[in-house]
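Student: Compute the structure for the input listed below.
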Amino acid sequence: MANLNRIWRFFATAFCFSLFGLGGLFLALIWFPLCNLFYSDQARKRANCRAIVRQTFGFFVTVMCWVGVIRVSLEEAQKLRALSGKVVIANHPSLIDVVVLISLIPNADCVVKSSLLRNPFMRGVIKATGYISNDNVDELLADCERSLSQGNNLIIFPEGTRTHPGQKCHFVRGAANIAIRTEKDFQLVFLRVEPPFLTKGLPWYKVPERRVDFMLRVAGTFNVHPYLSDNVTGAVRKLTKDIENLFIQELKNDGSTEGRA
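Tutor: I've put the predicted structure just below:
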């Protein structure tokens with residue numbers, strides 16, 4: 001019976017990946033071009049495209065739950081729906097982290113890898129929504145500041161990439177740089193994915209032995225203002241280390257495999 005269940009989840013996962021790719025192409029080739037006909041104002045068109053992506057991602061997460069690939073536990077997720085102009089930081093255990101977060105957070109913006117602009121399934125989505133590329137550091141900070149000033153919620157994974165299972169968090173300084181320069185507090189979100197699924201180095205077809213539990217916990221905000229009295233370089237370094245230690249401790253307390261030494 002366990003083998004049959006695993007075979008089912010293999011095909012269900014393949015279906016979900018296909019659905020995600022086809023959905024990206026549909027939005028890029030059909031829906032977003034239609035938006036160009038109805039919206040002459042660039043800001044309104046971008047907001048509409050982001051709302052569509054949010055609804056689409058929400059549908060995709062629902063489908064993954066329906067077919068038994070994942071089970072989503074969203075503790076206090078309603079707090080995310082009231083955010084405005086916040087820097088949202090989360091750990092990054094799985095490929096679907098950003099999908100779940102965008103499905104829950106209104107006016108979500110995010111920093112994406114420049115390599116995704118070469119992905120045929122995601123390129124059109126990124127361009128239509130105006131998600132921020134990390135290919136130019138100087139422009140990145142200005143784009144993030146502009147997005148936050150417009151009331152968008154900026155999703156950032158301070159690790160920069162997914163964490164290998166069993167590996168503790170290691171944060172790069174990008175998120176702290178943005179927070180210090182924009183003087184925006186962090187909204188903390190802790191993610192757990194058990195057993196490991198779509199992690200770094202783990203292909204999609206290596207399905208786990210049981211259905212995956214995706215758990216999201218929304219904590220409070222992290223006040224960055226005490227760091228502003230230091231010079232920028234020192235403030236960024238100390239803030240990065242402090243939030244890294246905070247995530248390591250919290251994930252260890254949660255019992256997650258990520259965050260353990």
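Student: Tell me the span between the first and last residue of stretch 68-84.
Tutor: Start-to-end span of stretch 68-84 (C-alpha to C-alpha, to the nearest Å) is 33 Å.
Student: Correction: the previous question concerned stretch 63-79.
Tutor: Stretch 63-79 end-to-end distance (C-alpha to C-alpha) = 23 Å.
Student: Which strand or helix spans residue 8?
Tutor: Using DSSP states H and E, residue 8 maps to helix 2-26.
Student: Identify each buried residue in that helix, please.
Tutor: 9, 12-13, 16-17, 20, 23-24 (16 or more other C-beta atoms under 10 Å). Backbone N, C-alpha and C define where each C-beta goes, glycine included.
Student: and what of stretch 223-235?
Tutor: Across stretch 223-235, burial judged by 16+ other C-beta under 10 Å covers 224, 227, 235.
Student: coming back round to it: now do the helix holding residue 8: distance to the chain's middle.
Tutor: What separates the centre of helix 2-26 from the centre of its chain is 21 Å, taken as C-alpha atoms, centre = their mean, to the nearest Å.
Student: helix or strand right after that helix?
Tutor: Heading C-terminal from helix 2-26 (DSSP H and E), you reach helix 32-38.
Student: got the angle between the helix or strand that that following helix is followed by and helix 2-26?
Tutor: Next helix or strand after helix 32-38 toward the C-terminus (DSSP H and E): helix 42-66. Counting by axes from the mean of the first three to the mean of the last three C-alpha atoms, to 10 degrees, helix 42-66 lies at 160 degrees to helix 2-26.
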